[in-house]
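Visitor: Need the 3D shape of this:
(chains A and B)
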Amino acid sequence: MRQYIVKYLLQVIPVMFIISSVIFVLIYMTGDPVALMLSESATPQQIAELREALGLNEPFYVQYGKYMLNLLQGDFGKSYVFQQDALSLVLERLPLTLELGAVSVILAIVLSIPLGIYSAVKKNTFADLIITGISVLGKAVPNFWLGIMLILVLSIMFPIFPVSGHGSWLHLILPAITLGTNAMAEITRLVRSSMLEVLNQDYIRTAKSKGLSAIIVVFRHGFRNCLIPVITVMAMQISGIVGGAIITETIFAWPGMGQLLVRSVNVRDMAVVQAAVFVSAIAIILMNFLADIAYRFIDPRIKYE
Amino acid sequence: MSVDIQHVKNMKDQSALNSFEVGKRINPYARFVRLLFQSKTGTTGLVIFVVIVLAAILAPAIAPHDPTLMNARNTLAPPAWLEGGTSDHLLGTDNLGRDVFSRILYGARVTLVVSLLSVIVAGVIGIALGVVCGYYGGRWFDSIIMRIVDAKMAIPGILLMLVIIGVFGSSIPTLVFVLGFTEWTAFTRLVRSEVLSIKQRDYVRAARSIGTRDRTIMWKHILPNIVSICIVISTLTLGGNIILEASLSYLGLGIQPPDVSWGYMLNEGRDHLATSWWISTFPGIAITLTVLGVIFMGDWLRDVFDPRSQGRRS
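Guide: Presented below is the predicted three-dimensional model:
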């Protein structure tokens, strides 16, 4: 177990190295951030001084080395818009994004598992058709449009939920639905298909022939065995949730990391952008790691390598 | 939309299955068409997609108005069937008095051009790397590329795109390359694992034993055998790229005005939601329908290329 964790964490190092290098090269290619930092009336001397202070006159490899050293110390530079440490700006916003992400994942799971099981048990009935239809539609609908339509129907036509912002739990509902729909559609489809496969197994027939009630057969013998693919897909959805959060937060003016990121890209505040990319990548890797552990916990047949 | 690895992986032995059919002399095109009309979803998907493509090609002929023509006297006009709407503006007008229907038609052009071209870029990069990595599996080149693919898995595509757009700014060519350069990893991962198994086959070994050059083996013996898997990944990537393009445009970081894009129309409509729901509703329906068409086509293609998956998917 410990060996496995160490091995997993060692794999993170090259991944983070590649991500940071790509970001560095991209930012190096943008050229000069100085023009954005100073007002237009800055004298050539001021520009030269700032360039010197930022180390922009140094050769590529020196800049790269310094950048990497700074990253290792957790220093992503200063946001020129907020005049604040970029990493702490991002970390301030992170809890709100995690809150939104967690609620939408929970919502997706709570809805999709019963729906998937139900449509598998009632295969080829009208209810199954509706659920399958919804899950196909849920994959095709772009989440930002879904968000706008939810606002239109549930905040403007029937003012039940607030249009945007952050505050009471009511503010959380629409963004969470928007963000969770894609994962919900995916998980429903998967629960249905793996449940169908499980229900054809011999041990299910045995359980039924023993005279166990349908509910016990479905939940104790069926459901447990369809959890494994569900967790795999959940892990794959995490990255989608982080990506979706960027857009969802913009639609609902949810003051999380995604909103900060979009704003920073718009004003080319690259220090914040790279800090946000880093934090998201670490978050995704960690969640994948947790999913992997959960996976092994649920299915003891999987050995730690 | 994530690429459905399990199903694509099931296609592994597909070429072996096909080789049995060779003796029967079935015209592959006839089989293709027959299978298309047997499948309801396949037909639906194809019909939707063809309609959208036709709308895009014929936009200048069908569109009743210039999509960028503003009319200050006729802003926020409702669709024709509502009170106050005229048949002149079938789906109403937006906040600047532009015709929503014409804009949707022209938006189809941009969306299709960007998403199709970006799939081609992603496909060329991804397939080339996948074939080379699979063929020379286990060497340093392979492990570097696979680490990059892993790194890409740890960042959502849209995040990487935002960084690149932050650096290079936004235009249609940049968007094509941004989408292409970030979405190639699905191709590489799946093509590589496919090639790893194909190169163990006897005909590849035979070719190698008579001294065929590696390049020839890759072109003549490996590439033709991964065409079907590549087509399936392409449709899945296409659907994803349509949504990604619309998302970026919605954020104001994709297609820039005066070019018309469905995503940007939604962005503009968001501010007028309380008074004019039609501005943001119809472009969204257009996106959903297009993606739905592509998903249906993808599902059907997967069934055609992998006869075994038909029983599993029900």
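Visitor: can I assume residue B:242 sits in a helix?
Guide: Yes: per DSSP: H, G, I helix; E, B strand; the rest coil, residue B:242 lies within a helix segment.
Visitor: so where does the residue lying closest to it once chain neighbours are set aside fall, helix or strand?
Guide: Nearest residue to residue B:242 in three dimensions, chain neighbours excluded: residue B:115, at 4.6 Å (Cβ to Cβ, 6 or more residues apart in numbering or on different chains). For the C-beta atoms, the positions are set from N, CA and C on the backbone; glycine is no exception. Secondary structure assigned from DSSP states H and E places residue B:115 in helix B:100-135.
Visitor: which bits of the stretch 201-305 of chain A sit near chain B?
Guide: When proximity is defined as Cβ under 8 Å from any Cβ of the partner chain, the stretch 201-305 of chain A approaches chain B at A:236-237, A:239-240, A:242-244, A:246-247, A:250-251, A:261-262, A:264-266, A:268, A:270, A:273-274, A:276-277, A:280-281, A:284-285, A:288.
Visitor: Show the pLDDT at residue A:127.
Guide: For residue A:127, the model assigns a pLDDT of 88.
Visitor: Please identify which helix or strand holds it.
Guide: Assessed by DSSP H and E, residue A:127 sits inside helix A:126-140.
Visitor: Residue B:258 now?
Guide: For residue B:258, there is no host helix or strand (DSSP H and E).
Visitor: Report how many residues lie close to it.
Guide: Using other Cβ atoms under 10 Å in any protein chain shown, residue B:258 is surrounded by 7 other residues.
Visitor: again with residue B:261
Guide: Quick note: residue B:261 (other Cβ under 10 Å) scores 28 neighbours.
Visitor: how much space is there between it and chain A?
Guide: Distance of residue B:261 to chain A, given as Cβ to the nearest Cβ, to the nearest Å: 12 Å.
Visitor: out of everything not next to it in sequence, what's closest to whatever residue of the stretch 101-250 of chain B ends up closest to chain A?
Guide: The stretch 101-250 of chain B approaches chain A most closely through residue B:156 (3.0 Å), counting by Cβ to the nearest Cβ. Closest residue to residue B:156 apart from its sequence neighbours, by Cβ to Cβ, 6+ apart: residue A:243 at 3.0 Å.
Visitor: Next: residue A:162.
Guide: In this structure, residue A:162 finds its nearest non-sequential neighbour in residue A:171, 5.4 Å apart by Cβ to Cβ, 6+ apart.
Visitor: List the buried residues for the one helix or strand the one you found maps to?
Guide: In this assignment (DSSP H and E), residue A:171 forms part of helix A:170-199. Using 16 or more other Cβ atoms under 10 Å in any protein chain shown as the test for burial, helix A:170-199 gives A:171-196, A:198-199.
Visitor: what's it packed up against?
Guide: The contact analysis (3 or more Cβ pairs under 8 Å, 6 or more residues apart in numbering or on different chains; DSSP states H and E) places helix A:170-199 against helix A:86-121, helix A:126-140, helix A:143-151, helix A:224-251, helix B:309-313.
Visitor: what helices or strands is the helix holding residue B:115 leaning on?
Guide: When contacts are defined as 3+ Cβ pairs under 8 Å, 6+ apart, helix B:100-135 sits against helix B:40-57, helix B:59-62, helix B:140-153, helix B:172-182, helix B:185-198, helix B:227-250, helix B:262-270, helix B:278-305.
Visitor: what residue lies at the spatial centre of chain B?
Guide: residue B:238 (0.7 Å; Cα atoms, centre = their mean).
Visitor: which residues sit in contact with that residue?
Guide: By Cβ atoms under 8 Å, 6 or more residues apart in numbering or on different chains, residue B:238 lies in contact with B:115-116, B:119, B:294, B:298.
Visitor: Would you mind putting these into a markdown table with distance to residue B:86 alongside?
Guide: Below are those laid out as a markdown table (distance: Cβ to Cβ, whole Å):
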| residue | distance to residue B:86 |
| --- | --- |
| B:115 | 33 |
| B:116 | 35 |
| B:119 | 39 |
| B:294 | 34 |
| B:298 | 40 |
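Visitor: Would you mind checking those residues for buried ones?
Guide: Buried members of the contacts of residue B:238, scored by 16+ other Cβ under 10 Å, are B:115-116, B:119, B:294, B:298.
Visitor: ok, those residues vs residue A:127, which is closest?
Guide: Set against residue A:127, the nearest of those by Cβ to Cβ is residue B:298 (25.7 Å).
Visitor: check contacts around that closest one.
Guide: By Cβ under 8 Å, 6+ apart, residue B:298 lies in contact with B:45, B:232, B:235-236, B:238-239.
Visitor: Return the per-residue confidence for it.
Guide: Residue B:298 is given a pLDDT of 87.
Visitor: Could you check how far it is from residue B:291?
Guide: 10 Å (Cβ to Cβ, to the nearest Å).
Visitor: what residues are shared contacts of these two?
Guide: Residues within reach of residue B:298 and of residue B:291 at once, by Cβ under 8 Å, 6+ apart, are residue B:239.
Visitor: Sketch out the low-pLDDT regions of chain B for me.
Guide: Applying pLDDT under 70 to chain B picks out residues B:1-26, B:28, B:306-314.
Visitor: ok so, going back, after the helix holding residue A:171, heading C-terminal, what element do we hit next?
Guide: Toward the C-terminus from helix A:170-199 - assigned by DSSP H and E - lies helix A:202-209.
Visitor: Now do the helix or strand following that next one: everything it contacts.
Guide: Sequence-wise, the next helix or strand downstream of helix A:202-209 (DSSP H and E) is helix A:214-216. For helix A:214-216, contacts defined as Cβ under 8 Å, 6+ apart pick out A:121, A:207-208.
Visitor: Buried ones among those residues?
Guide: For the contacts of helix A:214-216, a neighbour count by 16+ other Cβ under 10 Å gives the buried set as A:121, A:207.
Visitor: and the nearest residue to residue B:165 once chain neighbours are set aside, how many neighbours?
Guide: Distances taken as Cβ to Cβ, 6+ apart put residue B:253 closest to residue B:165, at 5.0 Å, once the chain neighbours are dropped. A count of neighbours around residue B:253, defined by other Cβ under 10 Å, yields 23.
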